[in-house]
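Asks: Need a 3D model of the following:
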Amino acid sequence: MREEQVINNAKTLIERVQQIPDRRDNRGKRQTLPCVLACVLMAMLSNRSYMSSIQRYMSHKIEWLKDVFDSPKATAVSRAQLPNILARVDWESLNTVFNALFGLCIEQHTGEWKAVDGKSLTGTIVDPAQAHDHERLVLVVGHTSHDILEQQRFSGAKESEVTVVRDLLEQTGLVGDKISFDAGHAYPDTLAPIHAADGIYVVQIKQNQPQLFTTLVQLAEQVEQEEMESEQAKFPAAGVVISTVDKGHGRLEERTGRVLSLDPGVLDQRWDPTGMKTVIVMDRRTEDLNTGKTSDERSYYVSNQPAATHEQDLFDAVRGHWRVESMNWIRDVTFNEDQVRTKDPNTGQILSSLRTMALTLLQSLHPKNVKATLEELADTPNALHDLLVRFNLVSTASAS
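Replies: Residues are numbered from 1 along each chain as shown. Okay, the predicted model is just below:
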């Protein structure tokens, strides 16, 4: 889908990035900002994460990069120069370029569940005493497409994410869409506007909402008790049961979801405006295929969508949010986002935005193993060049 949106885009990556204002002093400026940013992106797509490794990639590949981006006067930047250049890049301008490059448009994903998920950039923590107050990112990702539809940077404590998300929902029109959240957004002031705008939400409930959590636990236990006392193997009057089994990464996962109707009368009055009426009780059993060890986990979700005839959609919405959360794992483990230390907060945000670009390009390849795909792109420059050509990020006339 994303490829179809941008395939007719006439502007290359360099031409797009030229829209970003260069705040550096013209005196002594030897490298153009577009070329530096494009080369950093190429380094990330070639399995480079750390600043020193990115700089070495640019230095070793500079002749090839000059041909790829048709920039014959480009020169490699030094290790000292690179973070100073990135620190002066305007994040909002780079995000505008990102949206233009990949044709980001939330309206084009109408009907698809969208996950809103926060990400802490722990590499921007300079003073451990200020660990609560650092750079963060909010991402909006399509459940099915895995397209990154929107991102918003902010600074401060984790709790400030709640208000950032509320503003983002209003500003983008997502307030009337199908949205999934983690437990950090289980608040009436977040969910009520969605219900009022005829949107649909699914949100996890944990102990941060103790009274509601206890109500859901009691409801699940009551249903299980009724099941034990019943002579029937199933209990359709109490809810619908949906199960799936997945095998991969050395694990066997069996998930069972019970979709139950929730009587609003049992809830505290402050939840009334949210239209909450459905509970999804998710049980997940994971078996390590190497050791045979198993673990069980139960989680609770609520929605304003009625259970009747929507059970499968709600079950899929919960699973879809899990998959989106796994993208943060890719950022942390494969791209080493949390391990890349930056002294300047803006440098960390710029690197994060470039990782978002790299991840978006990788998603178009539908990789089974992201790490292996990055290594393939690093080992075969022609494949990396072809990926950029496919999205018109470089001219087809450039060297490969």
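Asks: use CA for all of it now, contacts and neighbours both
Replies: OK.
Asks: could you say which helix or strand contains the spatially closest residue to Val17 that is not a sequence neighbour?
Replies: Closest residue in space to Val17, ignoring its immediate chain neighbours: Pro34 at 5.1 Å, by C-alpha to C-alpha, 6 or more residues apart in numbering. Per DSSP states H and E: Pro34 is located in helix 33-45.
Asks: Measure how far that helix is from the centre of its chain, please.
Replies: In terms of C-alpha atoms, centre = their mean, to the nearest Å, the centre of helix 33-45 is found 21 Å from the chain centre.
Asks: cool, stretch 142-152 as well?
Replies: Worked out by C-alpha atoms, centre = their mean, stretch 142-152 lies 7 Å from the chain centre.
Asks: Do a quick rundown of the strands in this protein.
Replies: Per DSSP state E, the chain carries strands over the ranges 114-120, 134-142, 148-156, 178-181, 200-205, 240-248, 251-261, 278-288, 294-303.
Asks: Was I right to think Thr373 contacts Gln363?
Replies: No. Look at Thr373 against Gln363 with C-alpha atoms under 8 Å: they stay out of range, at 10.3 Å.
Asks: you'd agree the residue nearest to Val17 is up against Ile14?
Replies: Yes. Using C-alpha under 8 Å, Pro34 is in contact with Ile14, at 5.3 Å.
Asks: Distance-wise, check Glu135 relative to Gly275.
Replies: 34 Å (C-alpha to C-alpha, to the nearest Å).
Asks: ditto for Leu33
Replies: Distance, Leu33 to Gly275, using C-alpha to C-alpha: 50 Å.
Asks: Look at those two and report which has more neighbours.
Replies: Taking neighbours as other C-alpha atoms under 10 Å, Leu33 and Gly275 compare with Leu33 leading, 22 against 19.
Asks: Can you report phi and psi for the closest residue to that one other than its chain neighbours?
Replies: Counting by C-alpha to C-alpha, 6+ apart, Leu33 lies nearest to Asp22, which is 6.6 Å off, once chain neighbours are set aside. Main-chain torsions, Asp22, degrees, to the nearest 10: phi -100, psi 110.
Asks: show me what contacts Asp22?
Replies: Contacts for Asp22 were tallied using C-alpha atoms under 8 Å, 6 or more residues apart in numbering; they are Leu33, Arg88, Val89.
Asks: Out of the residues you listed, the closest to Phe213 would be?
Replies: Within the contacts of Asp22, proximity to Phe213 (C-alpha to C-alpha) peaks at Val89, which comes in at 44.2 Å.
Asks: Looks like the closest one contacts Leu351 (just checking).
Replies: No. Shown here, Val89 and Leu351 do not form a contact pair, counting by C-alpha under 8 Å, at 10.3 Å.
Asks: Looking at these two, which is more packed in?
Replies: Between Val89 and Leu351, Leu351 has the larger neighbour count (other C-alpha under 10 Å), namely 24 against 21.
Asks: Report the contact partners of the more buried one.
Replies: The contact partners of Leu351, taken as C-alpha under 8 Å, 6+ apart, are Leu86.
Asks: what does the one 10 residues further on give?
Replies: For Leu361, the contacting residues are Leu387, by C-alpha under 8 Å, 6+ apart.
Asks: where's it relative to Ile54, distance?
Replies: From Leu361 over to Ile54 the distance is 18 Å, taken as C-alpha to C-alpha.
Asks: cool, and Leu137?
Replies: Computed as C-alpha to C-alpha, the Leu137 to Ile54 distance reads 22 Å.
Asks: Also Thr32?
Replies: The gap separating Thr32 from Ile54 is 17 Å, by C-alpha to C-alpha.
Asks: Would you mind telling me which of these two has the busier surroundings?
Replies: Taking neighbours as other C-alpha under 10 Å, Thr32 and Ile54 compare with Ile54 leading, 21 against 16.
Asks: I figured the more buried one was touching Val40, is that so?
Replies: Yes. Taking contacts as C-alpha under 8 Å, Ile54 lies within contact range of Val40: 6.4 Å.
Asks: I am finished for the moment; much appreciated.
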